[in-house]
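Chemist: Let me see the structure of the following:
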Amino acid sequence: MIRLYDTATREVSEFKSIEPGKVSMYVCGATVQAAPHIGHIRSGVNFDILRRWLEASGYAVTFVRNVTDIDDKILHKAVHEEIPWWAVAMKYERAFSDAYRALNVLPPTYEPRATGHITQMIELMQILIDNGAAYSPGNGDVYLEVRKLKRYLTLSNQ
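Modeler: Now for the predicted structure:
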């Protein structure tokens, strides 16, 4: 048995999988604009330990960790380094993979990249705008109206 801290209830409780014998884990991965630091690696190691415990306990684990391979920081770094944005992302994604491998962190089951889902992101932003949960001031940016999304702040108990 493992007991985990539940941020929604602010209590430690016994872990129970939603589907018996199976666990799906999603971890927000790196924005690959710079070399990994201890905070990035700590997250990777912590979730690797949890995953290994779950697998050793008999659970079939599907582990997803995304890679943000395009954003303003990456574009800025590309200008600064005078290389294409994708080369920045590739360089630092490789650095993250090397760091995890050096620490024997298991690779995720799936590792989707942001650039592979741009169309879906745009569609979701439009849905949020249409529903009044986000707005665009007309300069290409989109801002989320977190107070209009009832469940958005539940994990922080706000």
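Chemist: hey, let's count contacts and neighbours off CA atoms from now on
Modeler: Noted.
Chemist: if I look at the spatially most central residue of the chain, how far off is G39?
Modeler: By Cα atoms, centre = their mean, the mean C-alpha position of the chain lies nearest to C28, the distance being 1.4 Å. Shown here: C28 relative to G39, a distance of 13 Å by Cα to Cα, to the nearest Å.
Chemist: With W53 instead?
Modeler: Taking Cα to Cα as the measure, W53 and G39 are separated by 21 Å.
Chemist: Counting neighbours, go ahead and name the busier of these two.
Modeler: For W53 versus G39, neighbours defined as other Cα atoms under 10 Å are more numerous around W53 (13 against 8).
Chemist: Can you name the helix or strand that that one falls in?
Modeler: W53 belongs to helix 38-56 when elements are defined using DSSP states H and E.
Chemist: check contacts around D71.
Modeler: Shown in contact with D71 (Cα atoms under 8 Å, 6 or more residues apart in numbering): T31.
Chemist: Equivalent analysis for R94, please.
Modeler: When contacts are counted by Cα under 8 Å, 6+ apart, R94 touches no other residue.
Chemist: does it sit in a helix, a strand or a coil?
Modeler: Using DSSP: H, G, I helix; E, B strand; the rest coil, the secondary structure recorded for R94 is helix.
Chemist: which stretches of the protein form strands?
Modeler: Listed from the start of the chain, the chain has strands (DSSP state E) covering 3-6, 11-14, 22-27, 60-65, 134-135, 143-144.
Chemist: Please point out which parts of stretch 143-150 sit buried.
Modeler: For stretch 143-150, burial by neighbour count (16 or more other Cα atoms under 10 Å) applies to no residue.
Chemist: Determine how far the last residue of it lies from the first.
Modeler: This stretch, stretch 143-150, spans 16 Å end to end (Cα to Cα).
Chemist: Please parse the chain into its domains.
Modeler: Domain ranges of the chain: 3-112, 117-151, per automatic domain parsing.
Chemist: Deepest-packed of these, please.
Modeler: domain 3-112 (a mean of 15; mean count of other Cα atoms under 10 Å).
Chemist: mind checking the end-to-end distance for that domain?
Modeler: Using Cα to Cα, the distance between the terminal residues of domain 3-112 is 29 Å.
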